[in-house]
Each structure stands twice: as structure tokens, then as C-alpha cells.
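Q: I'll drop the sequence and a predicted model, then ask my questions.
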Amino acid sequence: MPLALVVHGGAGAIRPERQDPARAGCSAAALAGWGVLAAGGSALDAVQAAIVALENDPGFNAGTGAVLTADGRAELDAGLMDGQTLQVGAVASVIRMKNPIALARRVLASPHVLLTGTGAEQFALAAGLPLCDPADLVTPAQRERWRNGNGQGGATSIGAPAGSGQLAVATLPGADSHALDDDGDRHGTVGAVAVDGAGRVAAGASTGGIAAKHPGRVGDTPLVGCGFYAEEGLGGVSSTGHGEDFIRLLLARRAAEMLGAGLSAQAAACEAIWLLQRRAGGSGGLIVLDAEGRVGAARNTPAMAYAYVVEGMAEPIAGI
Ligand code: ASP
């Protein structure tokens, strides 16, 4: 089975000076995941490795550098799914985890699906994962943004012909009319989807959520079928955008079902974002891999950082 991996670094508005670093961060994450796949590792391990790289990059809204809640804390959500076993692991509202996706992976290997807050952190300790000081997750840039009363917002479409190594970009009609307030910085949630040599597919996502969110607010990112979904025979999906609307529509699962109905990865991505816009007035983007490792991506926000590698490519292709 051809190997394939795609990552996103969030949909929204991306300031011009952030675009090169966002592309570079996505490429580095794609390479981290690709290294796992190329060494014969599983899709699940590759997704985790790619997301850890993005969580560790302070330029993205996940792990270190996440946006802050209304009361000034980084409250993190993450989740991932193994498409072969249908095992899911997710965590929400954790404040002491440097890499929430690593904790979500431990949850996946447990009888649980989703753990929240202090309970999730207790589980981390029991699993031998270290807790960090919540302040360690807060970067000077996010603290400054919070002090200045940060905005929330961002809402415009990407796409990819199967296996060609080229990702075509399209903009859905009327997209900008759905833009949330746009502070030029609303992006940075991260996600990844991979297909390994055994044909297994996995998907995951990680975020600090929406800037200035209500404490305890949980978006789509840690919710299976909303922020991520993977299923053998269909493919995998990872979402980013205004989470409440992805939740209402169970959008990641819907995009996967579109693959099952015969749509290409690219058509499923576009159709899902069109549905998001039409049915919920929502904004965001998603990345898709079909079961054969063909890439699709779409957004109805001004931008979405992404990178992907499929077998035969010498290096990742990244875009905004
Ligand atoms: N989907 C995330 C949430 O609503 C935010 C994002 O993707 O930008 O929490």
C-alpha cells in the first residue's frame, strides 16, 4: 500500500509574516510523521509524531503556544483514532500536558475514549506521563494577545488531485461573508492523517481551541467524528475551524462517509466544507486521505496551512 501523510496547521487568517513559518512548521511535522511511516511504523504512530512536532512548535495553537481562555490559561484538547481497530483516545481541557496528543494516545490504549481536566491529568500521572507547569504552555506572544483582548475569527477552500502530489486550491463561493472576527492570527489548531504500508489509516487533531474561549469550553477537536475520524476502507479526516459547527454536523465523519459513497478525497473535502458553510454558516477547513492514500483538502477561510507527502515524493509539499 502506498504511504501517505497530510498535516494541517489550522484554518483562518494567517498574517503574511506568519505564512513562511507556518509552511515550514507543517513541512517539519510532515517529515516527522513520514519518518515513522518510512521506517515501517504504523499510521497511528505517524499521526502522533506529526502532531507532537506541531504541538512543540510555539507558532501553532496546540501544546506550547496555544491560545488562552478568557481567564488567561491554555486549556488543551486533542484526540486520535485508529481506523483499523476503531479505537479512539481523546483528552479535553487539560492544562498541565505539554503534548496532549501523547496523553490521548494513552487513552486510546485504555478502555476509555475521552477524559477531561484533572481526571485526564491523573490518568497521565498513572500512565507515567509527566505533568508540566501550566505557565510553561503560555508563550509571551499569547500572553500579550490575551492582555490586548484578543479577537476570535477566521473563515475561505483547498483541494488535491489523487496521488498527483499537487494540491489544487479553490475558494468556496461566499466564504468570506462567514468570516468570524479576524485578528490575522486565528489559526493554528493542528491535525494529521496517515496511511501506512499495511493500509491502516489514522487521524488526529490537537488545539488550544478558540482564543478567549469560556473556561471549560470544548470544541470539535477532541470529539471523534467532529474534529477527526478514521475508518478502514473509507479513509481519514482531520478538521479545523469554528468547532461548534463541526460538532453540529459531525463533519469529519460525514466527510469519511462521502469517501464511502465514492467521492474522491478532494471532492469529499470540498463537499464537506460546502456543507459546513451552507448548513451551519460555519467556517474552517479539513484534510482528507482516502483508503488508497490520496490527498484532499478544502477550506472556506482565507488560509489553511498544510503539508503532505505521498510515496514517490522527495520532500513534502506545503501550502497556505
Ligand atoms: N476547532 C478548534 C475549536 O473549535 C479551533 C480551530 O480549529 O481553530 O476548538
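A: Right, received. Where do you want to start?
Q: Would you mind measuring from the residue nearest the centre of the chain to the ligand?
A: Nearest to the mean C-alpha position of the chain, counting by Cα atoms, centre = their mean, stands Gly191 at 2.3 Å. Distance of Gly191 to the ligand, computed by Cβ to the nearest ligand atom, to the nearest Å: 8 Å. The C-beta positions use only the backbone N, C-alpha and C, and glycine is treated the same way.
Q: Skipping adjacent residues, who's closest to that residue in space?
A: Closest residue to Gly191 apart from its sequence neighbours, by Cβ to Cβ, 6 or more residues apart in numbering: Ser238 at 3.0 Å.
Q: again, but for Leu129
A: Ranked by Cβ to Cβ, 6+ apart and with sequence neighbours excluded, the top spatial neighbour of Leu129 is Leu103, at 5.8 Å.
Q: try Ala4
A: Once flanking residues are discounted, Ala4 sits nearest to Gly293: 3.1 Å by Cβ to Cβ, 6+ apart.
Q: if we can go back for a sec, report the contact partners of the residue nearest to Gly191.
A: Counting by Cβ atoms under 8 Å, 6 or more residues apart in numbering, Ser238 touches 8, 191-193, 203-205, 227-228, 252, 286-287.
Q: And stretch 136-149, end to end?
A: 21 Å (Cα to Cα, to the nearest Å).
Q: Just the residues contacting that stretch, thanks.
A: By Cβ under 8 Å, 6+ apart, the residues outside stretch 136-149 that reach it are 58, 63-68, 72-74, 76, 95, 98, 183, 185, 211-212.
Q: That stretch close to the ligand?
A: No - legend: contact between stretch 136-149 and the ligand by Cβ under 6 Å from any ligand atom is lacking; minimum distance shown is 13.8 Å.
Q: Could you give me the buried positions within that stretch?
A: The neighbour-count check on stretch 136-149 (16 or more other Cβ atoms under 10 Å) flags 137-139, 142, 145-146 as buried.
Q: now swap in stretch 32-42 and tell me
A: For stretch 32-42, burial by neighbour count (16+ other Cβ under 10 Å) applies to 32-34, 36-37, 41-42.
Q: Strands of the stretch 1-150 of the chain, start to end?
A: Using DSSP state E, counting those that start in this stretch, the strands of the stretch 1-150 of the chain run over residues 4-12, 76-82, 88-94, 114-116.
Q: The last one packs against which elements?
A: For strand 114-116, the packing partners by 3 or more Cβ pairs under 8 Å, 6 or more residues apart in numbering; DSSP states H and E come out as strand 88-94.
Q: Contacts for the longest helix anywhere in the chain next, please.
A: Of all the elements of type helix in the chain, the one with the most residues (DSSP state H) is helix 16-38. Contacts with helix 16-38, where a contact means Cβ under 8 Å, 6+ apart, come from 3, 5-9, 14, 42-43, 45-47, 49-54, 57, 59-60, 185, 187-188, 190, 192, 194, 196-197, 303, 305-309, 315-316, 318-320.
Q: Using ChimeraX, define a selection of the buried residues within the residues you listed.
A: The buried subset of the contacts of helix 16-38, as determined by 16+ other Cβ under 10 Å, is captured in ChimeraX by this line:
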select :3,5,6,7,8,9,14,42,43,45,46,47,49,50,51,52,53,54,57,59,60,185,187,188,190,192,194,196,303,305,306,307,308,309,316,318,319,320
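Q: ok so, going back, how about the strands of the stretch 1-150 of the chain in TSV, adding distance to Ala261?
A: Conversion of those to TSV gives the following (distance: least, Cβ to Cβ, whole Å):
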stretch	distance to Ala261
strand 4-12	21
strand 76-82	20
strand 88-94	23
strand 114-116	28
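Q: quick one: which of those strands is nearest the ligand?
A: Comparing the strands of the stretch 1-150 of the chain against the ligand with Cβ to the nearest ligand atom, the closest turns out to be strand 4-12 (5.2 Å).
Q: The chain against the ligand: which residues are in contact?
A: Within the chain, the positions adjacent to the ligand are 10, 189, 207, 209-210, 219-221, 240-243 by Cβ under 6 Å from any ligand atom.
Q: Alright, I will stop here.
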